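Colleague: Using only what follows, build the 3D model:
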Amino acid sequence: MTQTVVDLHEVDQGIIQITMQDRIHKNTFSDELMQGLIQSFASIQANSQYKVVILTGYDSYFASGGMKETLLAINEGKTQFSEVNIYSLALDCKIPVIAAMQGHGIGGGFVMGLFADFVILGRESVYTTNFMKYGFTPGMGATYIVPKKLGISLAEELLINAANHRGAELERRGIPFPVLPRAEVLDYAHQLARQIAEKPRVSLITLKDHLVAPLREQLPKVIEQELVMHHKTFHQPEVKEKIMTLFGK
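Modeller: Model prediction:
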């Protein structure tokens, strides 16, 4: 039997878990992974019993961002990151979302996790907004959500320098999220989810709507601005060369 790259199952009453497990592509944004995420969140939106979502990966990978082929297609003007919206799935979800980022969060994969209402990182795992490593400006709403969640100083360093950081290092830098040994992240998420699920669903939806309303309102404008920057930066020959030589390293 072929295993789906996105698994959706109810782990407890009112608690639904999405597990990204594209082992072939190491949870890069393959078509199968993106469509699986979109379908999973659509199913959650249509269900009136769920109260909280856990979004997680497999083994040492949470989500690894855009595929090499996709980045090259954007460089050649054949597509743009906004054509398939996975970056705001957690933000747009009615009920609270916990990003149990037990494994590496790379580029858009890390950014996608930051749009969740709760974020948990793994000490051993690597987290990076590595867009500028390839010479193009960040997308996926990164220029908005990273400063919002991590603060402007750390965000500028992450976005401009584009270096890799272990969860333990980010913990020392004072990020406002739990950072746990990788093996403990999902258990912590389950405990948190059970606490959230004790609350009435209507109250959870109402409060989340209120708390994230400014983010939902601002994000489309940010996406437009990031696309303008991409038109200026993504099509440089140097960017194509960097994608070809540095991707996966």
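Colleague: And the strands in this protein?
Modeller: 6-12, 15-20, 52-56, 61-63, 97-101, 104-106, 118-122, 126-128, 165-166, 179-180 (DSSP state E).
Colleague: Reformat those strands as a markdown table; add mean neighbour count, mean pLDDT and distance to residue 151.
Modeller: No exception for glycine: its C-beta is placed from N, CA and C like everyone else's. Formatted as a markdown table, the strands of the chain follow (neighbours: other CB atoms under 10 Å; pLDDT from 0 to 100; distance: least, CB to CB, whole Å):
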| stretch | mean neighbour count | mean pLDDT | distance to residue 151 |
| --- | --- | --- | --- |
| strand 6-12 | 15 | 97 | 32 |
| strand 15-20 | 22 | 98 | 27 |
| strand 52-56 | 26 | 98 | 23 |
| strand 61-63 | 27 | 98 | 21 |
| strand 97-101 | 28 | 98 | 18 |
| strand 104-106 | 27 | 98 | 18 |
| strand 118-122 | 25 | 98 | 14 |
| strand 126-128 | 21 | 98 | 15 |
| strand 165-166 | 20 | 98 | 14 |
| strand 179-180 | 20 | 98 | 16 |
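Colleague: can you tell which of those strands is closest to residue 199?
Modeller: Nearest to residue 199, of all the strands of the chain, is strand 52-56, at 9.0 Å by CB to CB.
Colleague: ok, the closest one: who's next to it in the sheet?
Modeller: strand 15-20 (parallel), strand 97-101 (parallel) (DSSP bridges).
Colleague: Make a markdown table from those and add distance to residue 154 to it.
Modeller: As requested, the strands paired with strand 52-56 are exported to a markdown table (distance: least, CB to CB, whole Å):
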| stretch | distance to residue 154 |
| --- | --- |
| strand 15-20 | 26 |
| strand 97-101 | 16 |
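Colleague: Ok, which of those strands comes nearest residue 237?
Modeller: Among the strands paired with strand 52-56, the nearest to residue 237 by CB to CB is strand 15-20 (33.2 Å).
Colleague: Distance from that closest one to the middle of the chain?
Modeller: Centre-to-centre, strand 15-20 and its host chain are 14 Å apart (CA atoms, centre = their mean, to the nearest Å).
Colleague: just the angle between it and strand 6-12, please?
Modeller: Interaxial angle, strand 15-20 versus strand 6-12 (axes from the mean of the first three to the mean of the last three CA atoms, to 10 degrees): 160 degrees.
Colleague: what's next to strand 15-20, contact-wise?
Modeller: Residues external to strand 15-20 that are found in contact with it (CB atoms under 8 Å, 6 or more residues apart in numbering): 5-11, 27, 33, 36-37, 40-41, 44, 47, 50-58, 61-63, 190, 193-194, 197.
Colleague: what about 6 Å?
Modeller: Strand 15-20 has contacts (CB atoms under 6 Å, 6 or more residues apart in numbering) with 6-11, 27, 40, 44, 50, 52-57, 193, 197.
Colleague: same question, stretch 160-170
Modeller: Here stretch 160-170 has contacts from 121, 122, 123, 125, 126, 127, 128, 130, 132, 133, 179, using CB under 6 Å, 6+ apart.
Colleague: Please produce CSV containing these, extended by distance to residue 21.
Modeller: Formatted as CSV, the contacts of stretch 160-170 follow (distance: CB to CB, whole Å):
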residue, distance to residue 21
121, 19
122, 16
123, 22
125, 16
126, 19
127, 19
128, 21
130, 22
132, 29
133, 26
179, 23
